[in-house]
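Chemist: the following comprises the amino acid sequence and a computationally predicted model.
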Amino acid sequence: MNRKLVDLFFKHFFGVVALFSVLALGAILLFVFVQGSMPFFVPTAKNIRLVAQRIGELTVNGTLYQNHSTFIDIPENASSILVSFPFEDGEAVLDIRINAGEKDPEKKLVFERKDRGELTYPESYVYTVSWPGTIPALERRLHIILPEPPYGFRKFLTGLDWRPSRYKVFGILPMIAGTLLASLGAILLGVPVALLCAVFMAEFLAPKPASLVRGCVELLAGIPSVVYGFFGLMVIVPAVKNIFHISSGNTLLSAIIVLALMILPTVITIAETSLRTVPLSVREASLSLGASKMQTAWRVVLTHAGSGVIAGIILGISRAVGETMAVILVAGNSPQLTYSPLQSVRTLTATIAMEMGYASGRHSEMLFSIGVVLFLIILILNSLILRFRRRMKAE
C-alpha cells in the first residue's frame, strides 16, 4: 500500500513539475514574441513628452512642475508648447509650435523663441535645448521627445543599415547574412570531420582507445564557449591575418573555424553513440555478402544510424546559429553585408549581447525582434532537416 501511495505521489509530482515547465517555457516565448512584435504595431508613445534635467521648477502650458523626475506628457491636440522657468536674474522662455501633419521629425517642431537656449538634435525624434551654467556639469537641459511611429517589418528584414542611436534605423539583413554564412560554413567544415571521427571511433578503433577518445571528446563538449573564443582570438585570428596578409584577422573565416571546432564534440558524440547502437547482425550480414569493413561502415552502419546522425547535425546547427561569446571575440562585429570570408561580419546573437546592456525604448524592442527572428531561423532550419530525414526514411 505504501509503495502504491509513493508511486502515485511521484506520478502527480512529476506531472505538476512538467506542467509548470511547459507553462514557464510558453510564458517566456510569449513575452519575447510580444516584445518583439510591438515595434511594428505600436508607436513608442501617444504624444510628445518632455524631460527636464537640472531644472527644479518649470511651467509647461500653464501647469507648474516642481522637481519633476519623469516624463511630462503634452496633450495630443496641443498646437504649441510654452515652457518657462527661473533663470539667473530673470526667466527663460521656450515657445514651440507643433506641426501636427508633418511626418519628418526634423520639421515637426518650430522653435519660435528660446531665450539664451542652444538647440541641438542629438538623435532622430529627440530635440535638446540647453541653457549654460557656471560649469558644463550644471548646464540645464530640456529634452523634447517625439513619438516614433511603428517601424516597417519589411524595412527591418531587408534594411542594410543598423544605426539605432542617432538615426533610429534598424536593418538586420547584414546580420542575418552573417549568421547564416558563419553557421553554414561551420556545418560544411565541421560535420564531415565529425562524421569521419565518429565512424573511426565506432567501427575501426579498439574498445579501450575508443573509450579514452570518447571521454576526451565529451570533455571538449563541456568547455565554455568563451574559452573557444579566447583560443580563436589568440591563435586563429593571428593565423588568418598572417596567412592572407590582411589588416585584421577578425573575419568571417575566423568565426567559421571557431564554430566548426565548437560543434565537433556535439556531432561526434551523438553520431558515435548512434553508430554503436546499430545491431551487430547488420554488420555481419553485410560482411557475409562480401562487403569490406569500410563499405559496411559507410553504406550500411551509417545508413542505419541516419536518424541519430541527423539529430547530432541539428544540435550542431542550433549551437552554431545561437553561439554568442566566441563569435563576438573573433568575427569583428561590423554590421556590413559581405560575402567575402576575409571581411568582418556581425551575427544576430552578437548584436543582442553587445547592445542589450544600454538599449532603451525602440532600440530595446528591436533587440527582442532580433531574438524572434533568430528563433524562427533555427525553427526553419531544423524543420528542413527533419523533412529531409523523413524523406530519407521513406526512401
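Modeler: Good, I have the coordinates. Numbering: from 1, shown residues only.
Chemist: so what's Thr349 up against?
Modeler: 179, 321-324, 327, 374 (CB atoms under 8 Å, 6 or more residues apart in numbering). C-beta coordinates here come from the backbone N, C-alpha and C atoms, glycine included.
Chemist: sort out for me which of the residues you listed are in strands.
Modeler: Per DSSP state E, strands hold no members of the contacts of Thr349.
Chemist: how about these, which pair is most distant?
Modeler: Val327 and Leu374 (12.6 Å; CB to CB).
Chemist: of those two, who's got more company?
Modeler: Under the criterion of other CB atoms under 10 Å, the comparison of Val327 against Leu374 puts Val327 first, with 32 against 22.
Chemist: shouldn't Leu337 be within a helix?
Modeler: No. Assigned with DSSP: H, G, I helix; E, B strand; the rest coil, Leu337 falls outside any helix and is coil.
Chemist: distance of it from Asp73?
Modeler: Counting by CB to CB, to the nearest Å, the gap from Leu337 to Asp73 is 40 Å.
Chemist: and Val199, what pLDDT?
Modeler: pLDDT recorded at Val199 is 91.
Chemist: so what's it up against?
Modeler: By CB under 8 Å, 6+ apart, the neighbours of Val199 are 275, 297-298, 301-302.
Chemist: ok, so of the residues you listed, who is nearest Phe40?
Modeler: The closest of the contacts of Val199, once distances to Phe40 are taken by CB to CB, is Leu302, at 45.5 Å.
Chemist: which residues in the stretch 251-395 of the chain form helices?
Modeler: All helices of the stretch 251-395 of the chain, identified by DSSP state H, counting those that start in this stretch, fall at 252-276, 280-288, 293-295, 302-304, 306-322, 325-330, 348-355, 362-394.
Chemist: can I get the CA coordinates of the second one in CSV?
Modeler: Put plainly, it is helix 280-288. Extracted C-alpha coordinates of helix 280-288, given in CSV (Å, rounded to 0.1, in the frame of the first residue of the first chain):
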residue,chain,number,x,y,z
LEU,A,280,25.9,-6.5,-34.8
SER,A,281,23.8,-8.7,-37.0
VAL,A,282,23.6,-5.8,-39.6
ARG,A,283,27.4,-5.7,-39.8
GLU,A,284,27.6,-9.5,-40.1
ALA,A,285,25.0,-9.6,-42.8
SER,A,286,26.9,-7.0,-44.9
LEU,A,287,30.3,-8.7,-44.4
SER,A,288,28.8,-12.1,-45.3
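Chemist: hmm, who's touching it?
Modeler: 293, 295-296, 299-301, 304.
Chemist: pLDDT below threshold where in this structure?
Modeler: Along the chain, the model assigns pLDDT under 70 to residues 1, 392-393, 395.
Chemist: start to end distance for stretch 103-118?
Modeler: Taking CA to CA, to the nearest Å, the first and last residues of stretch 103-118 lie 24 Å apart.
Chemist: flag every buried residue along it.
Modeler: Within stretch 103-118, the residues that count as buried by 16 or more other CB atoms under 10 Å are 105, 108-109, 114, 117.
Chemist: ok so, going back, the helices of the stretch 251-395 of the chain: which one's closest to Pro238?
Modeler: Of all the helices of the stretch 251-395 of the chain, helix 252-276 comes closest under CB to CB, at 9.7 Å.
Chemist: for that closest one, name the packing helices and strands.
Modeler: Here helix 252-276 touches helix 173-199, helix 207-221, helix 225-231, helix 237-244, helix 306-322, helix 325-330, going by 3 or more CB pairs under 8 Å, 6 or more residues apart in numbering; DSSP states H and E.
Chemist: other residues contacting the third one?
Modeler: Counting by CB under 8 Å, 6+ apart, helix 225-231 makes contact with 258, 261-262, 323-330, all of which sit outside it.
Chemist: what about Pro86, neighbour count?
Modeler: By other CB under 10 Å, neighbour count at Pro86 equals 13.
Chemist: residues in a beta bridge with it, which ones?
Modeler: When assigned by DSSP bridges, Pro86 has beta-bridge partners Glu91.
Chemist: surely it touches Ile55?
Modeler: No. Counting by CB atoms under 8 Å, Pro86 sits too far from Ile55 to count as a contact (9.2 Å).
Chemist: would you map the helices across the stretch 1-150 of the chain?
Modeler: Along the stretch 1-150 of the chain, counting by DSSP H, counting those that start in this stretch, helices occupy 2-37.
Chemist: in ChimeraX, how would I select just the buried ones from the contacts of Val199?
Modeler: In ChimeraX syntax, the buried subset of the contacts of Val199 is picked out as below (16+ other CB under 10 Å):
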select :275,297,301,302
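Chemist: so for this protein, the centremost residue is which one?
Modeler: The chain has Thr349 as the residue nearest its centroid, 2.8 Å off, counting by CA atoms, centre = their mean.
Chemist: next one: it from Ile172, what distance?
Modeler: For Thr349, the distance to Ile172 - CB to CB - is 12 Å.
Chemist: then Ser79?
Modeler: Here the criterion is CB to CB. By it, Ser79 lies 38 Å from Ile172.
Chemist: and for Thr128?
Modeler: Counting by CB to CB, the gap from Thr128 to Ile172 is 28 Å.
Chemist: the two: who's more crowded?
Modeler: Ile172 (25 against 18).
Chemist: give me phi/psi at the more buried one?
Modeler: Here is the backbone geometry of Ile172 (degrees, to the nearest 10): phi -110, psi 10.
Chemist: for stretch 26-40, buried residues please.
Modeler: 35-36, 38-40.
Chemist: burial of the residue lying closest to Arg113 once chain neighbours are set aside, as a residue count?
Modeler: Spatial nearest neighbour of Arg113, chain neighbours left out: Asp95 (3.9 Å); criterion: CB to CB, 6 or more residues apart in numbering. Close neighbours of Asp95, defined as other CB under 10 Å, add up to 15.
Chemist: contact partners for Asp95?
Modeler: Applying CB under 8 Å, 6+ apart, the residues contacting Asp95 are 80-83, 111-114.
Chemist: ok, now Phe156?
Modeler: When contacts are counted by CB under 8 Å, 6+ apart, Phe156 touches 39-40, 170-172, 366, 369.
Chemist: out of the contacts of Asp95, list just those in strands.
Modeler: Using DSSP E, the contacts of Asp95 in strands are 80-83, 111-114.
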